[in-house]
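Colleague: I'll drop the sequence and a predicted model, then ask my questions.
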Amino acid sequence: QVQLVESGGGLVQAGGSLRLSCAASGRTFSNYAAGWFRQAPGKERELIAAINWSGGSTYYADSVKDRFTISRDNAKNTVYLQMNSLKPEDTAVYYCAARNGHYAIVPKQYPYWGQGTQVTVSS
């Protein structure tokens, strides 16, 4: 089992920045790929960024490419999402997820999830 806890969400003005953290405990987190998903009201949960176990391979959704950066520190069992140039349409609950093997695009392929953290971007 892997337990995930997100932090760092909050209210920010458009154009601002936030850094989300996902702290993992349980099994050796360095064996797991991780993804950041978000879900806005009335919308499906979508993958916005993912990273493989070593950090050597990453994925970004087009909507966040060049604005968000995913990284990980396996010594700290933590994955980060640096979010810059935030827009009101980035408002959502952000979730961290983990899976063994390479990262995946589909939420149901991730067995481990955090509780989510709210990000609200005001215009």
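Modeller: Sure, I can see it.
Colleague: the spatially most central residue of the chain is in what secondary structure piece?
Modeller: For the chain, the residue nearest the mean C-alpha position is W36 (2.2 Å; C-alpha atoms, centre = their mean). Secondary structure from DSSP states H and E places W36 in strand 32-39.
Colleague: low-confidence ranges in this protein?
Modeller: Regions of the chain meeting the criterion pLDDT under 70 are absent.
Colleague: the helix or strand just after the strand holding W36 vs strand 32-39, what angle?
Modeller: Remark: after strand 32-39, the chain's next helix or strand is strand 46-51, criterion DSSP H and E. Angle of strand 46-51 versus strand 32-39, following axes from the mean of the first three to the mean of the last three C-alpha atoms, to 10 degrees, is 150 degrees.
Colleague: hmm, back to that, go through the strand holding W36 and flag the buried ones.
Modeller: Buried residues in strand 32-39, counted by 16 or more other C-beta atoms under 10 Å: Y32, A33, A34, G35, W36, F37, R38. Every residue, glycine included, has its C-beta placed from N, CA and C.
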